[in-house]
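> sequence and predicted structure are below.
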Amino acid sequence: MSDGSHGDRDRTFALADRANQLMRDYGPSATPRAYTVWYTYVSGAQPLMNDAIKRLTSQNGCLSNDDVDALHDTYIDGRRLSVAAEKMSASVLSEIEGITEMLDLSLGSTAQYGESLRAFSHDLAGATLNRARIREIVASLVTTTREVAADNRTLEARMRESRSEIESLRETLEATRIESLTDPLTGLSNRKHFEAMLTATVEAAASRGVPSSLIVLDIDFFKRFNDLYGHLTGDQVLRLVGIVMREHMRPGATLSRFGGEEFGILLPDTDRAAALGIAERVRTSVMGRELVKRSTGESLGKVTVSLGIAAYRRGDTPVSLLERADLCMFAAKRQGRNRCVDDSAATDADALSNVA
């Protein structure tokens, strides 16, 4: 066995040992699902899942069976299904491209064939020998040409109809692709799109040397609110926050709901001060809205949010930028909630539970 193979083997065993240790320390039990979640955690394959685990362990001290099921369904099974669907969509789109090219070629060949027949008929008509026979050939060719032309017109009509159907299918697939990147409750980008745009934003900031910022927003006391008034009212709160975010965003921003009550705002070409200003406008606007229960008209009071702002630094990765914004958000929670905290000041690393 090569040194590289030994190294890979040792690494996987080390990850397995660490996963087992975390499973014992933070629970809930030694089930296959729990092991998969913790192994994925220590491998670093799902940064947003890691972020969710840190949040849960910081709040509750451990994971419950329900937590493990939710993490597994959202970040592991859900990811595999979305990747499979995306590959299938790409394959179908490629097939459609090929069919469209064939239709274009077929339409061109049909027109060229008709032109050739007409030219041949014209040449024969100009002959001076055996005119009777030539006229007979010409008449036959003209008849054949007319028949082919009629068939071609029918074929072209059918091809155009097929092309229209293909274009409709392409639009449907594109709509499906967009839907797969959208959170159905708020209409914002979902976790999958957020991850892709976070990576793109960090890469652009690194390569172009432009400022970029990330805001992480979390609704204060959302679980208590949800338990008190019900999930339908909780959904209303989530939609409200999404609406307010849209009202205060600049062009080019990516607005996402990537957790239960957690939102992200990616701001390319935006420095820390500008991002802080946007975060503060979102915070005050949410606080200024009074929530009313639709079914009864009952006033449910105010909703507040805590926001963390991190600006890109040289050497940042998507994970480090997200973790820093998340750390600032936790600092805002610790300082009393309903406030914005940015990464220009020192933050307390203990605000997050370090289970890694």
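Okay, I see it.

> what residues of stretch 24-33 count as buried?
Going by neighbour count (16 or more other CB atoms under 10 Å), the buried part of stretch 24-33 is 26, 27, 28, 33. Backbone N, C-alpha and C define where each C-beta goes, glycine included.

> may I see the residues you listed organised as JSON lines, with secondary structure added?
Listed next are the buried residues of stretch 24-33 as JSON lines, based on DSSP: H, G, I helix; E, B strand; the rest coil:
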{"residue": "26", "secondary structure": "helix"}
{"residue": "27", "secondary structure": "coil"}
{"residue": "28", "secondary structure": "coil"}
{"residue": "33", "secondary structure": "helix"}
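
> which one of these is nearest to residue 343?
Closest approach between those and residue 343, by CB to CB: residue 26, at 27.3 Å.

> check the secondary structure at the nearest residue to the closest one once chain neighbours are set aside for me.
When the adjacent residues along the chain are set aside, residue 26 lies closest to residue 62, with 4.8 Å between them (CB to CB, 6 or more residues apart in numbering). Here residue 62 is recorded as coil under three-state DSSP.

> so residue 62 sits against residue 23, correct?
No. The pair residue 62 / residue 23 is not scored as a contact, 10.5 Å apart, by CB atoms under 8 Å.

> so the two - more neighbours on which side?
Using other CB atoms under 10 Å as the criterion, residue 62 and residue 23 rank with residue 23 on top: 21 against 12.

> next helix or strand past the host helix or strand of residue 274?
Counting by DSSP states H and E, the element that carries residue 274 is helix 272-287. If you walk from helix 272-287 toward the C-terminus, the next helix or strand you reach (DSSP H and E) is strand 290-292.

> who are the packing partners of the helix or strand just after that next one?
On the C-terminal side of strand 290-292, the closest following helix or strand by DSSP H and E is strand 299-302. The elements that strand 299-302 packs onto, with contact taken as 3 or more CB pairs under 8 Å, 6 or more residues apart in numbering; DSSP states H and E, are strand 290-292.

> which parts of the strand it packs on are buried?
Applying a neighbour-count criterion of 16+ other CB under 10 Å, one finds residue 291 buried in strand 290-292.

> ramachandran angles for residue 212?
Per-residue torsions, residue 212: phi -150, psi 150 (degrees, to the nearest 10).

> quick one: it and residue 265 touch, right?
No. Using CB under 8 Å as the test, residue 212 is too far from residue 265 to be in contact (11.4 Å).

> ok, residue 279 - contacts?
By CB atoms under 8 Å, 6 or more residues apart in numbering, the residues touching residue 279 are 215, 217, 265, 307, 309, 340, 342.

> confirm that the second one sits in a helix.
Going back to what we said before, that points to residue 217. No. With three-state DSSP as the criterion, residue 217 is located in strand rather than a helix.

> who touches it in this structure?
Contacts of residue 217 by CB under 8 Å, 6+ apart are 241, 245, 262, 263, 264, 265, 279, 282, 305, 306, 307, 329.
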